[in-house]
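1. sequence and predicted structure, then a few things I'm wondering about:
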Amino acid sequence: MMKLAKLDIQAVRVPLQKPIPSGRMTIYSADALLVSLITNDGLVGEGMVFVLNGHRLAILRETILSLEPLLTGMDLEMGGAIWAKMWSDIGFLGHRGLATVAMSAIDMALWDLRGKKAGLNVSRLLGSCREHMPIYRSGGLRLSQSIDELQAEASDILGQGFKALKMSLGNASIQEDVKRVRAVREVLGYHIALMSDCNQSFSVNQAIRLGRELEEYQLAWIEEPIPYHNHAGEAAIALALDTPIASGENEFTRLGMMEMLRQGSADILMPDLQRMGGPTELIKVAHAAELMNISVAPHLFSEMSLALGAAMPNAIYVEYMPWFSPLYTESLELDQAGNVPVSSKPGWGFSFSQEAIAKYKYE
């Protein structure tokens, strides 16, 4: 029986190379809790959750620690039972928000442990569908950049070998957004996939008008055009446009995702690993989407989403945001087609770098 000997949490702050202004805040750092479950036989399972600019990181840490007693005496290979136990325990405060994020960290580490115990990558543990996953570059091509800067960065991303990339939209002027998409397309051509993220900037009517103007540029998707909780509005936009609508990164667990699937809110569902309550719930949501012929593109957490996406027949992309890459010993490598080979190492296939933790650790 694999039992818990110790739960360890290390807090790190990873400063961004350049601050990112958004509609809600300017992002200066991504601050993460690196959670390790250490077993009685010396195996270590790793998970990670994060906040922006350090906000409420200490509260999240205490919430994770509050779940530790639930693991006492449990067989850590019984991940389903542990997940159900945590889900029940947080019910009084609700299944959305901080408590769900806390249980995600533990669930991630449990999946890493089970893979390591079995000597299998999580993708193989689940029953892998593919050995390579398409990946897109995220986090660049921001609204704050000029058109010249957009074109220069798009060219640089192409030079790194990416075959898909995402840009931000959300200007007050629809024509300004169209002009910026046109400028990036001039650099990319039409053999490179271009996604857009509106960061919930528009009304339903504005989003439909913008989407119609952008049809000729053959975007792979338009992401979160309106406030994420307006699922009926998303469904109206999806019905009106040929370009696929992607959404879901801000929703929590099956409770939010099933509502989106029922209403037809997205052509592409984007479950976020820490808002899902961890891999256990994300896998269920991906299978539910598959039953309804909906694609998935997991949000962030590239090093873990890679293994999960490889085991999902309906996963079309993994997102690469470079914020947390410095924390890992291993790195994601692109092949000639712009895909990433799925690791054959047990567990997630990626492990935290102790040198990086020492560099970024909170004092």
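-> Noted; the coordinates are in hand.

2. now the helices: where do they sit in the stretch 1-150 of the chain?
-> Per DSSP state H, counting those that start in this stretch, the stretch 1-150 of the chain carries helices over the ranges 57-71, 79-89, 98-118, 122-126, 147-159.

3. format these as JSON lines; extra columns: distance to Gly189, mean neighbour count and mean pLDDT.
-> C-betas here are computed from N, CA, C, even on glycine. Shown next, in JSON lines, are the helices of the stretch 1-150 of the chain (distance: least, Cβ to Cβ, whole Å; neighbours: other Cβ atoms under 10 Å; pLDDT from 0 to 100):
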{"stretch": "helix 57-71", "distance to Gly189": "42", "mean neighbour count": "16", "mean pLDDT": "97"}
{"stretch": "helix 79-89", "distance to Gly189": "45", "mean neighbour count": "16", "mean pLDDT": "97"}
{"stretch": "helix 98-118", "distance to Gly189": "38", "mean neighbour count": "25", "mean pLDDT": "98"}
{"stretch": "helix 122-126", "distance to Gly189": "32", "mean neighbour count": "21", "mean pLDDT": "98"}
{"stretch": "helix 147-159", "distance to Gly189": "9", "mean neighbour count": "16", "mean pLDDT": "97"}
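
4. mind checking which of these is nearest His299?
-> helix 98-118 (12.4 Å; Cβ to Cβ).

5. just name the shakiest helix or strand of this structure by mean pLDDT.
-> One helix or strand of the chain scores below all others by mean pLDDT, DSSP states H and E: strand 4-21, with a mean of 93.

6. just checking, what packs against that one?
-> Packed against strand 4-21, as judged by 3 or more Cβ pairs under 8 Å, 6 or more residues apart in numbering; DSSP states H and E, are the following elements: strand 26-39, helix 57-71, helix 354-360.

7. check contacts around Leu76.
-> Met2, Lys3, Leu4, Leu37, Thr39, Gly45, Ile82, Leu110, Leu113, Arg114 (Cβ atoms under 8 Å, 6 or more residues apart in numbering).

8. check contacts around the last one.
-> Spelled out, that is Arg114. Gly45, Leu76, Glu77, Gly79, Val122, Leu125.

9. so who does the third one touch?
-> Under the criterion of Cβ under 8 Å, 6+ apart, the contact list for Glu77 reads Met1, Met2, Leu113, Arg114, Lys117.

10. please report how far the third one lies from Ser302.
-> To tie it back to what came earlier, the one meant is Leu113. As defined by Cβ to Cβ, to the nearest Å, Leu113 lies at a distance of 20 Å from Ser302.

11. fine by me, we can end here.
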